[in-house]
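> coords please:
(one chain, ligands or ions: 1)
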Amino acid sequence: MTTSRLPYQDPRLPTAERVRDLLERMTLSEKLGQLNQVRADQAGVALVRTQAKAGLVGSRILASTAFAGNEAQLVAELEENNTVQRIACDESRLGIPILNGRDVIHGYRTIFPIPLGQAASFDPELVEQAAKHAAAEASAHGVHWTFAPMLDIARDPRWGRIIEGCGEDAYLTSALGAAMVRGFQGVDPSEPGRVLACAKHFLAYGTSEGGRDYASGECSDHTLRNVYLEPFRAAVRAGCATVMSAFHNINGEPVSGSHYLLTRVLKDELGFQGFVISDWAAVTEMIVHGAAENDADAAVKALTAGVDMEMVTGTFVAHLEAALANGQIDAARLDDAVARVLRAKFQKGLFERPYLDTTRATSSLLSPAARATARTLATRSLVLLKNQDSLLPLAKEGRRIAVLGPLASAQGELMGSWVFDGVASDVTSIVDALGESAPKLKFSTAPLMLDAQVQAAQRADVAIVVLGESPLRTGEANNIADLSLPRDQEVLLEALYRTGTPIVAVIAAGRPLPIGSVLERAQAVLYAWHPGTEGGRAIADVLFGDACPSGKLPVTLARSLGQVPIFYNHKNGGRAVNGYYPFFAPTHHGIRPYLDELATPLFPFGFGLSYTRFGYSDISIDRSEIARDERVKVSALLTNHGERSGAEVVQCYVRDYVGSVTRPVRELKGFRRVELGPAESARVEFELGPDELAFWNNSGKREVEPGRFGVWIGGSAYAELGTEFQVR
Ligand code: GLC
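Have a look, this model is predicted:
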């Protein structure tokens, strides 16, 4: 006998109709339950089951601590997901399924490079593929929703969370963030193998003072909109299902209590239709910020500001019933929050497919396709910074190679921070990958004792030295005040340098480090970030030339901490003394940016070498003048002047010389990865129109203004091949 379906249970009906019908049937307690995310293991699973039966669990977070990125987390117990879900669906009054969320930041079991490393690939298609693999593995283990992509622009490498985003540029972060949303959600997130995405941390979390995570930030509305908001605008346009409100206090308001940011900007101006979840305890932390008296006050302020679901602190279910009764919150706002959560659940197809097929779980992990994507993405994330006398690529026979340094045999460390479900033994270390790739070669390694390392280098023709950071000093709350390499590594490098054996330095790090000392001592330098499960093999592929390096810096490499913040798309100021660009007048009447440091970075945004040599020539533009709503096409000829094939990330930069507000000296407004054989050429074209040329001015609108524009095409922010056009 089929039970008659209520409208909200009928998938043939439009989602809006199902939401409306269900909302009308819900009690106040059930409505608040949908806004409540609990820890899956909160005070033991028994409590969660009881709450689920009462319809008080809208979501479970499959994490057990606030510092999810750096502490072992509860494994998502497969059967428990179904047990709790069955209670919610079959035993609660309305049978609303629970949404399971988890941090799947750069892979589930197959770990891809850290997002900062993925950004160095400048390859949205590949980044999207990686997110799709991550979603397939995570969804097979009961995850419906990932708290990714992290879209925070980071201009301060002291900040541990620079690892999690796509670097310093809004345009690159927008392109890659939208790609991750597409990879996680697909066109229809209810399809098996997809998860809902969550753009985080709204907004301007990277402005935290001194690079100290959670610290307050100050940012003009002008910069907030033209830099930090752009990636979220792109994620909303890509259909991102949810957004996470950040911990910090920006311009005097805790984000989770900011009606201006969460409602006026995100929901009203950007038209975000999904739901906002607060970050871990961000609601009650408003009390610590000094923006709320107590839990009840915090709950009222968060919901009113625009938080729709509360992560783990339970103040909504505890206090909003009374708050509604005494008129402290608006019933329409409450219903709007519930409707947004229900809409996401219908979008995810949870009502039709609430349960997990546990038989699919294990077979979904570490597929050859996932590993292949991880290897290719890791390979493309590697940035060649120096290659003196073309020391690289190394021949696969005939030389003795020592593989030294603290990370030469590392496995787990190569995965980086924000790894819950990756397994260290899945990773092939760099030394093992080199051996796999060149079986005829004699490799030597040595214990980390200095004398042993020195002796191994003395007995080798080349020393590959793997330096960098443990993931334990990257990620959430892991901020570093002294950015130089750990002291013992500087000592080791100096000792190895003195042997006279040529050094190939591989830097595995979660942030851009001022590696001047490495540059002085190594003949070749490859920046590898934390490259993931297949990172060792990717490094071997590049060092032996099976792959040609094409990675470009998604973040400026400073000479020293003293230069921070230092970024390529800076404003000119009134005396042009920023000095980032060697070809701009670095001084004004002799005034220099620093008396004790050079003004230029070690390497600029967008920089990266190849094993071949690319040249840019013959820039052309199809029109010298356009109207504000028209587009202009700019192209240049890219030529491979070398003897081997290679790929170049061609970049297009724009400058709006005069605006109603000041504009950066350069902004990335296009990029494309182009592969060319020896002596081949290709014309690479970029279209620039309103979306690329518009900016938020002080009229509160994002618009194109008339005037003179410069445009350059090249292989880094230092591109010199340029032309101009007018907007009338
Ligand atoms: C953490 C992070 C956030 C993460 C959440 C759940 O503290 O700030 O990025 O998604 O809590 O683990």
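
> Who's the closest spatial neighbour of whatever residue of the stretch 351-500 of the chain ends up closest to the ligand, skipping the chain neighbours?
Residue nearest to the ligand within the stretch 351-500 of the chain: Glu476 (5.7 Å; CB to the nearest ligand atom). Where C-beta positions appear, they are placed from N, C-alpha and C, glycine not excepted. Using CB to CB, 6 or more residues apart in numbering and skipping the chain neighbours, the partner closest in space to Glu476 is Gly69 (4.4 Å).

> Ala66 contacts Trp280, correct?
Yes. Ala66 lies in contact with Trp280 (CB atoms under 8 Å); the separation is 4.6 Å.

> out of these two, which sits in the busier spot?
A count of neighbours by other CB atoms under 10 Å puts Trp280 above the other of Ala66 and Trp280, at 22 against 15.

> Gly722 versus Tyr580, what's the distance?
Distance of Tyr580 to Gly722, computed by CB to CB, to the nearest Å: 17 Å.

> neighbour count winner among these two?
A direct count of neighbours by other CB under 10 Å for Tyr580 and Gly722 places Tyr580 higher, at 23 against 17.

> Over to the more buried one. Which of the three states is it?
Taken by DSSP: H, G, I helix; E, B strand; the rest coil, the conformation at Tyr580 corresponds to coil.

> who touches it in this structure?
Taking CB atoms under 8 Å, 6 or more residues apart in numbering as the criterion, Tyr580 is in contact with Thr556, Ile566, Phe567, Tyr568, His570, Ala599, Thr600, Pro601, Pro604, Val665.

> if I look at the fourth one, how far off is Gly670?
Here the criterion is CB to CB. By it, Tyr568 lies 15 Å from Gly670.

> ok, now the third one?
In this view, Phe567 and Gly670 are 19 Å apart by CB to CB.

> Same question for the first one.
Computed with CB to CB, the distance linking Thr556 and Gly670 is 19 Å.

> Neighbour count for those two, which is higher?
Taking other CB under 10 Å, Thr556 and Gly670 do not tie; Thr556 has more neighbours (29 against 20).

> For the more buried one, which residues are in contact?
Glu168, Pro512, Ile566, Phe567, Tyr568, Tyr580, Pro601, Phe603, Pro604, Phe605.

> again with Trp145
Residues in contact with Trp145 (CB under 8 Å, 6+ apart) are Ser59, Leu99, Asn100, Gly101, Arg102, Val195, Leu196, Ala197, Cys198, Ala241, Thr242, Lys348.

> how does it look with 6 Å?
Residues counted as contacts of Trp145 (CB atoms under 6 Å, 6 or more residues apart in numbering) are Leu99, Gly101, Val195, Leu196.

> Report the central residue of the protein.
Central residue of the chain (CA atoms, centre = their mean): Gly165, 2.7 Å from the mean position.

> correct me, but it touches Arg155?
No. Gly165 lies out of contact with Arg155 (CB atoms under 6 Å); the separation is 10.7 Å.

> about what we covered before: rank the contacts of Tyr580 by pLDDT and give me only the lowest.
Least confident of those in the model: Ala599, at 89.

> Give the closest residue to that residue in space, chain neighbours not counted.
Gly579 (2.3 Å).

> Does that neighbour touch Glu597 like I think?
No. Between Gly579 and Glu597 there is no contact under CB under 6 Å: 9.7 Å.

> Please list the outside residues in contact with the longest helix along the chain.
Determined from DSSP state H, the single longest helix within the chain is helix 331-348. Identification of contacts with helix 331-348 by CB under 6 Å, 6+ apart yields 15, 18-19, 22-23, 31, 34-35, 58, 99, 144, 189-190, 196, 241, 275, 308-309.

> Quick check: next helix or strand after it?
Sequence order places helix 368-381 as the next helix or strand after helix 331-348, per DSSP states H and E.
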